[in-house]
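Engineer: I need the structure of the sequence given here:
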Amino acid sequence: MRNSIIVLCLFLTQFGGIYAQYVIEDSAELETLKKLPLEKIYLHSNTSLFFPGEYLYYSMNCINTMTNRLSTISRVGYVELIDENHRSLFKQKVLIVGGKGQGDFFIPVTFPSGNYKLIAYTHWMRNVGLSQFYQDDIVIINPYQIDQENLRNKKEETINLDVVQVNNTEFQLEDKSIQLQTEKNVFGKREKVSLVPRNYKGPLGHGNYSISVRLKNNLDVKPAMNATFFGDKYLNSTKILPKNINDSIYLPEQRGELFYGRVLDKEDNPVVNETVIISIPGEDFQLKSAITDKSGSFYTYVNKPYTAATIIAQAIDKDANNMVSLIDKPEMEFETLQFNDFTLNSKMEKAILERSVYNQVENGFYSAKPDSILTNATIDPFDGGSPEIIKLDEFTRFPTIRETLVELVPNVWVKRLDNGNYTFWVREKLEKYEIEFESDPPLVLVDGVFVPDHTSILDFNARLVDRISILRDPLVLGDKKYLGMVVIETIEGDYLNRIVDHNMAINDLEMPTSLKNYFNQSYAADNVDKFKNIPDFRSQLYWNPTILIDQNSNEKNYEFYTSDISGEYEIVLEGFTTYGKPITVKKTITIE
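Structural biologist: Alright, predicted model coming up:
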């Protein structure tokens, strides 16, 4: 961990190029970088075969290649689904905490039948490339589209499953560390199942795992990669940075999600030592500060959850000839990916039709079986301070912000500067009322948008404003001090839509996946009447992306209920012990 901190401190002050790549300048930097281990990722997905209307669930395990234990380096991971034309059909951003993350994706009816690749990686892993990424084969069968060319069996042969082999022997999934125990092996429809993952190895079995309970595929599709096979396949993953002096590298997202951009003058020359404010607007706004380097580049990390879908970068020194830009991370190239060759045949027709009908019925009753999103801890934009809040509807309203400050807002005033512009001032708490403390102006924001030019909002229509909050404590943002903060919130929260400023870069912000409590059907006594007239055609009986097995959880019970679909169901536990050993455990139960 100490090496990780050293590496971060070294590179926080320098940032070259326009694609968030740092150039290794000398042997000392190279040696320091090589002390930071690389990573690999394992995704436990709920299946490898999907139809439109189904969910792809996954549990992410980010692993330190040196120790084979969960990584504490990256805090953001990425998951993409790639089609046979090497196009990314979806990309998700996953927050990683202690090496673990989770997500899901709804397969839409627009996705054609075909062979796909599910890949996962971190920004730090991009220094090696696709060979370091997690890759697994996914099949989508879309019976709602006429064109099935991508899965057509041109030789009209029956499909045979490609058995995964290790050292020329069929791979057997056996691990004695943990056993999956149920009270019996055969259950009726809508019956409760109590599952206990029992650890027989003591501390050697402690670890982080995920559980899936799903109807076995009756189509010959290569199964999803399991943790044990992953451990063998990626055993020789690159462990240290494969770079040399003068090479460019992708920085690890070690303190949070990485954002970067540039400030250029009218001749496209870099603007050096320019202070840039990066903000994520909204009620729970976030502010970051950065300074441009010799190439005009700046960057920052966002390490708190956010709810807005916009990020803004603004230069403090408003030179009309300077242009601020935010730069997206470069897209991956997938041209070298090789795809599985699963094809359809006529014997599959009945199974495909049956599964399609079940999916349509289940989706028709989705509102009765919703997942719940776990709310993040509330982000306090005042960082523990207690602002004074003026709600304008409680007073006689005035036309402009200027008049409102004079008439309604105590301890805040506006003063004209020698250059003709105006600046807000806030009286510090300990100062006497008659003294104007003017050492540092306050931070001023409207709807979480930083306002570098206070003059620009003095004539803003105050009838559009809901409230004004004033913090009277000294603040530091980057290398700049402020005396307090004035936060103006409009009624509609739409200030950003009302301004045009070429010194401001505005980019859409891809939201990370949400943590969820996945719906777990219950037919307990108090639920029987509620669901008795609702069909239950679930093929996924249970999904839990993160469970912890330790000294306190050896007898922990996980409950789920069977559905109306009879057949064999597979209970799968995947994960890694605290010592880095991959674990795959399976158990079959039958529903009659």
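Engineer: longest helix of this structure?
Structural biologist: helix 349-364 (DSSP state H).
Engineer: Mind exporting the C-alpha coordinates of that helix to CSV?
Structural biologist: Output in CSV follows, covering the C-alpha atoms of helix 349-364 (Å, rounded to 0.1, in the frame of the first residue of the first chain):
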residue,chain,number,x,y,z
GLU,A,349,-36.6,-24.3,-31.7
LYS,A,350,-38.8,-25.6,-28.8
ALA,A,351,-36.5,-24.5,-26.1
ILE,A,352,-36.1,-21.0,-27.6
LEU,A,353,-39.8,-20.5,-28.0
GLU,A,354,-40.5,-21.7,-24.4
ARG,A,355,-37.9,-19.4,-22.9
SER,A,356,-39.1,-16.4,-25.0
VAL,A,357,-42.7,-16.9,-23.7
TYR,A,358,-41.5,-17.1,-20.1
ASN,A,359,-39.5,-13.9,-20.6
GLN,A,360,-42.4,-12.0,-22.0
VAL,A,361,-44.7,-13.0,-19.2
GLU,A,362,-42.1,-12.1,-16.5
ASN,A,363,-41.4,-8.7,-18.1
GLY,A,364,-45.2,-8.1,-18.2
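Engineer: Now stretch 531-547: buried residues?
Structural biologist: Applying a neighbour-count criterion of 16 or more other C-beta atoms under 10 Å, the buried positions in stretch 531-547 are 531, 536-547. Using the backbone N, CA and C atoms, a C-beta is placed for each residue, glycine as well.
Engineer: May I ask which of those residues comes out lowest in pLDDT?
Structural biologist: Here the lowest pLDDT out of these sits on F531, with 91.
Engineer: Tell me, please, where in the stretch 401-550 of the chain the pLDDT is lower than the cut-off.
Structural biologist: Along the stretch 401-550 of the chain, the parts satisfying pLDDT under 70 run over 430-439, 502.
Engineer: what does stretch 393-407 rub up against?
Structural biologist: Stretch 393-407 has contacts (C-beta atoms under 8 Å, 6 or more residues apart in numbering) with 392, 408, 412-414, 424, 457-463, 465-466, 468, 488.
Engineer: Point out the other helices and strands that the longest helix of the chain packs with.
Structural biologist: Here helix 349-364 touches no other helix or strand, going by 3 or more C-beta pairs under 8 Å, 6 or more residues apart in numbering; DSSP states H and E.
Engineer: quick one on the thing from earlier: so of the contacts of stretch 393-407, which ones are in helices?
Structural biologist: Checking the contacts of stretch 393-407 against DSSP H, those in helices are L408.
Engineer: Selecting buried members of the contacts of stretch 393-407 in PyMOL, what would you type?
Structural biologist: Entered in PyMOL, the line below selects the buried ones among these, by 16+ other C-beta under 10 Å:
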select buried, resi 392+408+412+424+457+458+460+462+465+468+488
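Engineer: Nearest residue to the middle of the protein?
Structural biologist: Geometric centre of the chain, nearest residue: V94, 2.5 Å, by C-alpha atoms, centre = their mean.
Engineer: The closest residue to T65 other than its chain neighbours: what's it in contact with?
Structural biologist: The shortest distance from T65 to any non-neighbouring residue, by C-beta to C-beta, 6 or more residues apart in numbering, is to K239 (4.4 Å). Residues near K239 by C-beta under 8 Å, 6+ apart: 37-38, 65-66.
Engineer: re the thing from before, okay, the buried residues of stretch 531-547 in JSON lines with secondary structure and distance to P252 next?
Structural biologist: Formatted as JSON lines, these follow (DSSP: H, G, I helix; E, B strand; the rest coil; distance: C-beta to C-beta, whole Å):
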{"residue": "F531", "secondary structure": "helix", "distance to P252": "47"}
{"residue": "D536", "secondary structure": "coil", "distance to P252": "45"}
{"residue": "F537", "secondary structure": "coil", "distance to P252": "44"}
{"residue": "R538", "secondary structure": "coil", "distance to P252": "40"}
{"residue": "S539", "secondary structure": "coil", "distance to P252": "38"}
{"residue": "Q540", "secondary structure": "strand", "distance to P252": "34"}
{"residue": "L541", "secondary structure": "strand", "distance to P252": "38"}
{"residue": "Y542", "secondary structure": "strand", "distance to P252": "34"}
{"residue": "W543", "secondary structure": "strand", "distance to P252": "30"}
{"residue": "N544", "secondary structure": "strand", "distance to P252": "29"}
{"residue": "P545", "secondary structure": "strand", "distance to P252": "24"}
{"residue": "T546", "secondary structure": "strand", "distance to P252": "23"}
{"residue": "I547", "secondary structure": "strand", "distance to P252": "28"}
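Engineer: So which of the residues you listed is the closest to P441?
Structural biologist: T546 (46.4 Å; C-beta to C-beta).
Engineer: Give me the contact list for stretch 274-281.
Structural biologist: Residues contacting stretch 274-281 (C-beta under 8 Å, 6+ apart): 259, 261, 263, 285-292, 296, 298, 300, 302, 306, 308, 310-317, 322, 324, 445, 447-450, 452, 477-480, 496, 509.
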